[in-house]
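A.B. asks: only geometry, no sequence info:
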Ligand SMILES: Nc1ncnc2c1ncn2[C@@H]1O[C@H](COP(=O)(O)OP(=O)(O)O)[C@@H](O)[C@H]1O
Ligand SMILES: [Mg+2]
């Protein structure tokens, strides 16, 4: 089945918010240098899951994790691991475009600056390269010092992607990156994701099944906190082995 | 009478009461302003701004008073702003939610309601006597700083709370530490609101006479605190901090309590100077808020 290298190895993952269990006994491997989609009805734990991968959930006081997540062979929740380091290697793009209230340039440069690189040349370089990778450079190169809020929603989301790329991560996590965008902007982001998988491991949460089918090689289907099925995207969408998966992708619920 | 009709009547009467209450406030304020302007306008001028107080009302001016007000206001900001912003940042970002934090929070909101003369007594005991600062600019500024500290802390916390979590998340997701996130994203984004709150707090403080009278600020000052800038090395001097001073409200208070009519006119002109300073500061605050609302669209 899965033959590529593994990026994340998830073992018996259980997540709790206080007393409430949000994920139950999740086990699977996320392959490296491929796009893995996470689908499922809303409230099933997709965001909870993806935010475990870069430890964003650490910010929630009532959050508790049981089980193990290994990235590149290391247990990312072990005491010896620096969470800052994890988040540098594993970038994230959120549901709603969330640029900083600063210029386009400063948005992209920020992640580089906080690592202590302040030389103008290296910053300029990082900004240009990242914006090019995010297919935004041509649209903004003449107004790089204008506020990020002057951009359209789709451009803002690509700016957020550029901002994540500037840190030179190995993995990029997307949590419903297109749910606030129109179809044209969505198509651009999807093209970009397809482009990114050559160099990055990509995990994308989406409630849009066509999107999952279009961009991903692998798909995991979650329901009520459980991973129901994980397989090649094509298999999931043409011949799912679980009845619930079939019902979901044929639109019988969710 | 049926309920519908009664409710409509209530509605109407409330509207009328509210309208009258608003108009009443406005009219009183306007009358005051006009009255003061009529009285004081003739005195207001270059000579008034550049003269020391005098025994003769026609020769008296507010030079030492307005310079004192500027000194004290500036030093109050220097003391209260960093303290207030740090305290608010600590409470909002670092402190654990426990009894200690609750205790501090309750006390801060209570402090903002304490009559200002109490701060004067505190300043007298702590700064003037305890720390031997005497009746100096710095003693006055420290006293007013404590007076405005709760206001600055409260408005800073509100400003920080208004920053959406998505901004925090964006910063953390790039591998920023907590301090980097606060320093580079939270505080800069909150700054216009923090500044607005600070300016409003200071403009309240510069109208205060009682705490400064309590600590013994002088009512008759015919000199200025040592200038902070000089033409000789080392060019900058903090000696002025330790000089005695007066401020506009005290000078006004002093003039009003004189029997001669001429001093009442001086007082009216002094009030105008104070009002102009306060209006100016409020103008800056309004401008900042306006710019902020235009710039930030989350
Ligand atoms: N911060 C939180 N505190 C408590 N419960 C939460 C929190 N975040 C999410 N949940 C709960 O966890 C479950 C999964 O939510 P989420 O992961 O956001 O689902 P999805 O992204 O699939 O819509 C939901 O029942 C939600 O109410
Ligand atoms: Mg979600």
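C.D. replies: Okay, I see it. Remember, predicted model here, so these are calculated numbers, not experimental data. Residues are numbered from 1 along each chain as shown, chains lettered A, B, ... in the order given. Ligands and ions are numbered 1, 2, ... in the order given.
A.B. asks: ok, the residue of the stretch 51-200 of chain A found nearest ligand 1 - contacts?
C.D. replies: As assessed by Cβ to the nearest ligand atom, ligand 1 sits closest to residue A:60 within the stretch 51-200 of chain A, at 4.6 Å. Where you see a C-beta, it was placed from the backbone N, CA and C, and this is true even at glycine. Taking Cβ atoms under 8 Å, 6 or more residues apart in numbering or on different chains, we find residue A:60 in contact with residue A:17.
A.B. asks: The same query, at a cut-off of 10 Å, please.
C.D. replies: Residue A:60 is in contact with A:17, A:18, A:48, A:51, counting by Cβ atoms under 10 Å, 6 or more residues apart in numbering or on different chains.
A.B. asks: Buried ones among those?
C.D. replies: A:48, A:51 (16 or more other Cβ atoms under 10 Å in any protein chain shown).
A.B. asks: Low-confidence ranges, the stretch 151-298 of chain B, go.
C.D. replies: Along the stretch 151-298 of chain B, the model assigns pLDDT under 70 to residues B:219, B:222-223, B:230-231, B:293-298.
A.B. asks: Quick one: name the residues of it near chain A.
C.D. replies: B:163-178, B:180-181, B:183-185, B:188-189, B:292, B:294-298 (Cβ under 10 Å from any Cβ of the partner chain).
A.B. asks: can you map out the helices along the stretch 151-254 of chain A?
C.D. replies: Per DSSP state H, counting those that start in this stretch, the stretch 151-254 of chain A carries helices over the ranges A:153-166, A:183-196, A:209-215, A:233-238, A:243-249.
A.B. asks: tell me which strands and helices the first one is in contact with?
C.D. replies: For helix A:153-166, the packing partners by 3 or more Cβ pairs under 10 Å, 6 or more residues apart in numbering or on different chains; DSSP states H and E come out as strand A:90-93, helix A:104-113, helix A:120-133, helix A:137-140, strand A:171-175, helix A:183-196, helix B:165-173.
A.B. asks: Of these, which stretch is the most buried?
C.D. replies: Among those, the stretch with the highest mean neighbour count (mean count of other Cβ atoms under 10 Å in any protein chain shown) is strand A:90-93, at a mean of 26.
A.B. asks: What's the mean pLDDT across that strand?
C.D. replies: On average, the pLDDT along strand A:90-93 is 96.
A.B. asks: That strand and ligand 1 in contact?
C.D. replies: No. Counting by Cβ under 6 Å from any ligand atom, ligand 1 has no neighbours in strand A:90-93; the shortest distance is 13.6 Å.
A.B. asks: mind listing what that strand pairs with, with the direction of each?
C.D. replies: In the sheet, strand A:90-93 lines up against strand A:171-175 (parallel) (DSSP bridges).
A.B. asks: Tell me what angle the strand it pairs with forms with helix A:183-196.
C.D. replies: If you take axes from the mean of the first three to the mean of the last three Cα atoms, to 10 degrees, strand A:171-175 sits at 160 degrees to helix A:183-196.
A.B. asks: wait, does strand A:171-175 contact ligand 1?
C.D. replies: No. Strand A:171-175 lies apart from ligand 1 when judged by Cβ under 6 Å from any ligand atom; the minimum separation is 7.3 Å.
A.B. asks: which residues sit in contact with residue B:147?
C.D. replies: B:76, B:80, B:111-112, B:114, B:116, B:118-120, B:122-123, B:201, B:204-205, B:208, B:211.
A.B. asks: Same question for residue B:247.
C.D. replies: Taking Cβ under 10 Å, 6+ apart as the criterion, residue B:247 is in contact with B:62, B:64-73, B:137, B:140, B:144, B:205-209, B:212-213, B:217-218, B:221, B:253, B:274.
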